[in-house]
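Q: Pasting a predicted model and its sequence here:
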Amino acid sequence: MKKLIPLLLLMLTAIFQSCNKYGDVPQRIIIAGKIDHYNPNWQVTIGINKIGFTLESIIAKTDSAGNFMATFESYIPLDAWITYKTNFLVLLHPGDSLFVQFEGNSNDRAELLKSARFSGDAAKTNQNAAKFQQMYFSNEIFYDWGKKLYAVKEYDADQYILHLDTVQHKCNQLYEQFVSEQRPDQVSKHWAQLFAMKDYNHYLGWYVSNSRQFKAEWNETQNVPKGFYDRLCNRLPVEPSMLIGAYVLSDFTTVFHQYVNDKLRDRVTDIGEWQIVPGGGLVGTEGIVDSIKIFSLIEFVPDPLLLQIMLTDFFDKKLEKSDVVAFERYRDVVETYIQAPFLKNPLHRKYHQARQKIDHAMVSISTSLHILNEANDLSGNEIMDDLLQKNKGKLLYVDFWATWSGQCLSEMPYSKDLQIEFMDKDIVFVHFCIESEERHWKTVIDKYVPGGQHYLLSDRQSVEIRKFFKIKDMPFYVLMDKNGVIKEKGTLLKPLTARNKINEMLK
């Protein structure tokens, strides 16, 4: 792999120079518009397809007449979703100010697009893009889910490839019809050509996952033939002119991991440190998996710009969870391979924000009035005995959660509201964080600031607590009376549900 690095660096330099024409400083983009027959019960949001990063969703400022506006910044051209009842894509360049007006009565995407009218920068480009979307979303290629499901359930890998070839042929025909009828400008023409490739790549990449879900005879050991994903390379190279198709390119970045993992199949170790599961995923201990993922991308991704995007995506997903360890451990990889400003600059900014957040959490928790208890090395039974001893004569509402569980985090604001409601009452709120790392635990508490008593359990304690309460899903809640008797427990005892039960027990 070392022999590849000088060549890759030369290729990255060329890509960097071609992408650098967009500048090192992002420019503001304005999206404004008017929704005819606007219903204030529906929100207007803008979903920004940021290549290499998680989709960014912003709420547009909207008045009672349906006039809306949103602004954001970008280094490069991209597409973004305007969402109101349904959604559609608009094409934008740094510095653009785009205005769109559309009918708000319909929630049918194709019907809405018929009414869309554009003015401002790139008005013709977006009128053309709206027409292509109207053609695509009203075509059976998109809406015939029965045919898509049948292909997944009934076809083997070879038959499925033939099916996808047919799908691609239909997409090509739709694109040619669009070009013939609309005579689009170059930007919308190129964007539509990229969009016409999406279905083939997407369904190829998700074939195994979908088959395991819908095929009764599919088992855990089955896999596609070696080289099944080589067809994805037919879509390379990824050139700077393709960045305008950010939605399609982001999807392609996701499915291309299947190609990389397929190349790793012969590298699986006998000692079980990591493995490729039949669905294509990479499993193992976190440190080893991170290393395998990073260096397999460097070795097997044949396109330099795609490599930058996929590496950025890897580190971005870590930073989304306030995990800075991978970025810091592989900083030399970040500095060497991620050179394009539209990837490098936002990634570094995101790292510094995550780092500051973690550092702030360390300080705020050490001086917090919330009670942070260390569970030390107690067993599961000893932890509960200690908890009951410390809180004699009080109701206990216990929340078992984990930092990696989105459902757990989504319930925390309601838990905070519940604690405010029962402030100064004979009830104690307890939070047991299991199967989580200390830095993530502290960051979450700093963000959501739920009061009460907090315990961070070790891996062994987490196993014992799960066994003690028979916890299968999270968040998991337990409500105990003043004598320490469990009155109710389970995943359904969420804060909003528990309110009435607590009131009854306090009477």
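A: The structure has been received and is ready for your questions. Numbering: from 1, shown residues only.
Q: for Ser410, what are its contacts?
A: Contacts here follow Cβ atoms under 8 Å, 6 or more residues apart in numbering; on that basis Ser410 touches nothing. C-beta coordinates here come from the backbone N, C-alpha and C atoms, glycine included.
Q: so it is in which element?
A: Element membership for Ser410, per DSSP states H and E: helix 406-421.
Q: tell me which residues in that helix are buried?
A: Using 16 or more other Cβ atoms under 10 Å as the test for burial, helix 406-421 gives 408-409, 411-412, 414-416, 418-419.
Q: so what's Met505 up against?
A: Counting by Cβ under 8 Å, 6+ apart, Met505 makes contact with 395, 479, 481, 487.
Q: mind checking how far whatever helix or strand it lives in is from the chain centre?
A: Using DSSP H and E, Met505 falls within helix 495-506. Relative to its chain's centre, helix 495-506 lies at 34 Å (Cα atoms, centre = their mean, to the nearest Å).
Q: Quick one: mean pLDDT for that helix?
A: Averaging pLDDT along helix 495-506 yields 88.
Q: in the chain, which residue is closest to the centre?
A: Among the residues of the chain, the one closest to the centroid is Thr54, at 5.4 Å (Cα atoms, centre = their mean).
Q: I'd say it and Lys321 touch.
A: No: Thr54 lies out of contact with Lys321 (Cβ atoms under 8 Å); the separation is 10.8 Å.
Q: Any stretches of this protein with poor pLDDT?
A: Scanning the chain for pLDDT under 70 picks out 1-23, 216-222, 267-286, 360-377, 449-450.
Q: what's the single longest strand in it?
A: strand 27-36 (DSSP state E).
Q: Relative to Phe195, how far out is Asn201?
A: 11 Å (Cβ to Cβ, to the nearest Å).
Q: wait, what's in contact with Phe214?
A: Counted by Cβ under 8 Å, 6+ apart, Phe214 has contacts 149, 152-153.
Q: Strands of the stretch 151-300 of the chain, residue ranges please.
A: For the stretch 151-300 of the chain, applying DSSP state E, counting those that start in this stretch gives strands covering 274-276, 282-284.
Q: returning to what we had before: just send the buried residues of helix 406-421 back as JSON lines, with distance to Phe252 too.
A: Shown next, in JSON lines, are the buried residues of helix 406-421 (distance: Cβ to Cβ, whole Å):
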{"residue": "Cys408", "distance to Phe252": "32"}
{"residue": "Leu409", "distance to Phe252": "30"}
{"residue": "Glu411", "distance to Phe252": "35"}
{"residue": "Met412", "distance to Phe252": "35"}
{"residue": "Tyr414", "distance to Phe252": "38"}
{"residue": "Ser415", "distance to Phe252": "40"}
{"residue": "Lys416", "distance to Phe252": "40"}
{"residue": "Leu418", "distance to Phe252": "44"}
{"residue": "Gln419", "distance to Phe252": "46"}
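Q: Go through those residues and name the one nearest Tyr175.
A: Tyr175 lies nearest to Leu409 out of those, by Cβ to Cβ, at 42.1 Å.
Q: which residue sits closest to the closest one, ignoring its sequence neighbours?
A: The shortest distance from Leu409 to any non-neighbouring residue, by Cβ to Cβ, 6 or more residues apart in numbering, is to Val444 (6.7 Å).
Q: ok, how many other residues are close to Asp303?
A: 18 (other Cβ atoms under 10 Å).
Q: Please tell me I have it right and it contacts Leu236.
A: Yes: Asp303 lies in contact with Leu236 (Cβ under 8 Å); the separation is 4.7 Å.
Q: still on that earlier bit, assumed the residue nearest to the centre of the chain was part of a strand.
A: No: counting by DSSP: H, G, I helix; E, B strand; the rest coil, Thr54 is not part of a strand but coil.
Q: measure it to Met384 for me?
A: Separation of Thr54 from Met384 (Cβ to Cβ): 38 Å.
Q: Give me the contact list for stretch 380-398.
A: 375, 378, 418, 426-432, 453, 455, 457, 461, 464-465, 467-468, 477-482, 484, 498, 502, 505-506.
Q: List the residues that contact Phe68.
A: Counting by Cβ under 8 Å, 6+ apart, Phe68 makes contact with 32-35, 44, 60-62.
Q: Give me the buried entries from those residues.
A: Buried among the contacts of Phe68 (16+ other Cβ under 10 Å): 32-35, 44, 60, 62.
Q: Check the gap between Lys34 and Ile48 for me.
A: Distance of Lys34 to Ile48, given as Cβ to Cβ: 21 Å.
Q: Same question for Met384.
A: Separation of Met384 from Ile48 (Cβ to Cβ) stands at 47 Å.
Q: ditto for Gln134
A: Distance check for Gln134 against Ile48: by Cβ to Cβ, it reads 22 Å.
Q: which one of those two has more residues nearby?
A: Using other Cβ under 10 Å as the criterion, Gln134 and Ile48 rank with Ile48 on top: 22 against 19.
Q: Now for the nearest residue to the more buried one once chain neighbours are set aside, how many residues are close by?
A: Using Cβ to Cβ, 6+ apart and skipping residues adjacent in sequence, the residue nearest Ile48 is Glu56, 4.3 Å away. Using other Cβ under 10 Å, Glu56 is surrounded by 12 other residues.
Q: immediately after the helix or strand hosting the residue nearest to Leu409, which helix or strand?
A: Assigned by DSSP H and E, Val444 belongs to helix 438-448. Downstream of helix 438-448, the first helix or strand assigned by DSSP H and E is strand 453-456.
Q: quick one, what contacts the residue nearest to Ile48?
A: Residues in contact with Glu56 (Cβ under 8 Å, 6+ apart) are 47-48, 50, 72.
Q: Could you do Thr86 as well?
A: 106-109, 112.
Q: Mind checking which of those residues are buried?
A: Buried, going by 16+ other Cβ under 10 Å: 106, 109, 112, out of the contacts of Thr86.
Q: Between the residues you listed, which sits nearest Val100?
A: Nearest member of these to Val100, counting by Cβ to Cβ, is Leu112, at 10.8 Å.
Q: Could you find the closest non-adjacent residue to that closest one?
A: Computed as Cβ to Cβ, 6+ apart, the closest residue to Leu112 that is not its neighbour in sequence is Ser106, at 5.2 Å.
Q: Phi first, then psi, for the one you found.
A: Main-chain dihedrals, Ser106, degrees, to the nearest 10: phi -100, psi 140.
Q: ok, now Ser436?
A: Torsion angles, degrees, to the nearest 10, at Ser436: phi -140, psi 160.
Q: Let me see the contact set for it.
A: 402-404, 456.
Q: Perfect, that will be all.
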